[in-house]
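[1] give me the fold of what follows.
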Amino acid sequence: MLSKSQIKLITSLDKKKYRNKHQLFVVEGIKSIEEFLYSDYELYLLFSVGDIYKNKDVISTFITEAELKKISFLSSPNSALAVFKIPESKPIGNDRLIVALDGISDPGNLGTIIRLCDWFGIKDLICSSNTVDCFNPKVVQSSMGSLTRVNITYLDLEDHLINRQDELIYGAFMNGESIYSSSVENKGILVFGNESNGIREEIEELVTSRISIPQFGQDRKTESLNVAMATAIMLSEFTRRTIEK
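    Residues are numbered from 1 along each chain as shown. Here you go, the predicted structure:
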């Protein structure tokens, strides 16, 4: 049975300030929870409707569907909810392609980008301090467990790029050189900007190669691509170049 203190704690984790205060975040859904259970993340609380985890080496508290609705952030709760501890940051890798996000604000976009990084083997994702929190419940939900395999670091992006000026820094722009004809390597840093405003000027000045996705539609009335779509296309092309070498 859920206690009032547990309900208060879990529902507070919808807010970043309380996630930071308690160093905890919520994962919902059987499959996503299992991804975290089999990872390095440390379980704090686990609730389930029925004995879902009887064959797992974890302690699950049985609750009713009505109780699950009280703590779930989903419109249709999915049988289980877990609370995990936020891990300490890990060092950022070198000599491989790193994706950087400058001010991504939509949780769904960030969650999808995390999944794309996982799919294309990107180990490190660096985020500007004004990018949406990766432990936001909507980000966790849309990343579908990929959060367990991608190292995400929040930092001052401008300072970080200044300190890595000896590396290739690619920037995704509307008016850059076509990704299909440009000379790109599967290492360095690939920067994507805010959904509405793109890459900030101070970050743009640090970019060494401006690349874009050309528009092929005959009417060409579409103004831009969703940032997650653009990430998918560019990571696919970077990876293809690596395979062909």
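[2] CA only for contacts and neighbour counts going forward, please
    Will do.
[3] find the nearest non-adjacent residue to residue 185, please.
    Excluding the flanking residues, the one nearest residue 185 by CA to CA, 6 or more residues apart in numbering is residue 238, at 6.8 Å.
[4] and the helix or strand harbouring that neighbour, what's its mean pLDDT?
    For residue 238, the host element (DSSP states H and E) is helix 227-244. In this model, helix 227-244 carries a mean pLDDT of 90.
[5] which other residues reach it?
    By CA atoms under 8 Å, 6 or more residues apart in numbering, the residues outside helix 227-244 that reach it are 109-110, 112-113, 116, 120, 179-180, 184-186, 192-195, 213.
[6] which parts of that helix are buried?
    227-228, 230-232, 234-235, 237-239 (16 or more other CA atoms under 10 Å).
[7] TSV for these, including distance to residue 19?
    Listed next are the buried residues of helix 227-244 as TSV, based on distance: CA to CA, whole Å:
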residue	distance to residue 19
227	26
228	25
230	30
231	28
232	29
234	32
235	31
237	36
238	35
239	35
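[8] what are the boundaries of the helices in this protein?
    Secondary structure of the chain, counting by DSSP state H: helices at 4-12, 16-22, 30-37, 65-71, 107-119, 137-143, 157-162, 201-204, 227-244.
[9] with distance to residue 77 added, can I get those helices in JSON lines?
    Formatted as JSON lines, the helices of the chain follow (distance: least, CA to CA, whole Å):
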{"stretch": "helix 4-12", "distance to residue 77": "14"}
{"stretch": "helix 16-22", "distance to residue 77": "21"}
{"stretch": "helix 30-37", "distance to residue 77": "11"}
{"stretch": "helix 65-71", "distance to residue 77": "6"}
{"stretch": "helix 107-119", "distance to residue 77": "18"}
{"stretch": "helix 137-143", "distance to residue 77": "12"}
{"stretch": "helix 157-162", "distance to residue 77": "36"}
{"stretch": "helix 201-204", "distance to residue 77": "40"}
{"stretch": "helix 227-244", "distance to residue 77": "26"}
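[10] select, out of those helices, the one closest to residue 88.
    helix 16-22 (11.8 Å; CA to CA).
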